[in-house]
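Engineer: coordinates only, sequence not included:
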């Protein structure tokens, strides 16, 4: 619930910086090691926007795999089955470079069109 709330706060902050726009979709990037249940996040997000001005806001979730870089040869690879050996040189001297992210990736917005309804024609 806290993460969903933080995402919505970030959306509202950004919308305050860009008057005349409306948020359509917010994307978050979550590393597979971040221990965040996507279904629970989506459920909390949808519960929090229900019957609010953000009810039509869509949540996009991008899962980032655990990636390591070999300290010996520099090769970057995705860790599979907890095997962090380098796929190039088989070294165990590797460092995690991604997979623990939790970040706001993007915010898609639409601009409000000025309404001309009820305006008098000057022609």
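Structural biologist: That came through, no problem. The shown structure was predicted, so the numbers you read here are calculated from the model rather than taken from an experiment.
Engineer: how about the strands of the protein, start to end?
Structural biologist: 21-31, 58-64, 67-70, 76-78, 94-98, 102-111 (DSSP state E).
Engineer: Could I get those in JSON lines, plus columns for mean neighbour count, distance to residue 52 and mean pLDDT?
Structural biologist: Placement of C-beta: from N, CA and C, glycine included. Output for the strands of the chain, formatted as JSON lines (neighbours: other Cβ atoms under 10 Å; distance: least, Cβ to Cβ, whole Å; pLDDT from 0 to 100):
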{"stretch": "strand 21-31", "mean neighbour count": "18", "distance to residue 52": "12", "mean pLDDT": "95"}
{"stretch": "strand 58-64", "mean neighbour count": "15", "distance to residue 52": "14", "mean pLDDT": "96"}
{"stretch": "strand 67-70", "mean neighbour count": "19", "distance to residue 52": "37", "mean pLDDT": "97"}
{"stretch": "strand 76-78", "mean neighbour count": "15", "distance to residue 52": "38", "mean pLDDT": "97"}
{"stretch": "strand 94-98", "mean neighbour count": "15", "distance to residue 52": "33", "mean pLDDT": "96"}
{"stretch": "strand 102-111", "mean neighbour count": "14", "distance to residue 52": "17", "mean pLDDT": "94"}
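Engineer: Which of these sits closest to residue 10?
Structural biologist: With respect to residue 10, and counting by Cβ to Cβ, the nearest of those is strand 102-111 at 5.3 Å.
Engineer: coming back round to it: quick one: the strands of the chain as JSON lines, columns for distance to residue 39 too.
Structural biologist: Shown next, in JSON lines, are the strands of the chain (distance: least, Cβ to Cβ, whole Å):
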{"stretch": "strand 21-31", "distance to residue 39": "12"}
{"stretch": "strand 58-64", "distance to residue 39": "10"}
{"stretch": "strand 67-70", "distance to residue 39": "24"}
{"stretch": "strand 76-78", "distance to residue 39": "23"}
{"stretch": "strand 94-98", "distance to residue 39": "22"}
{"stretch": "strand 102-111", "distance to residue 39": "16"}
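Engineer: Noted, bye for now.
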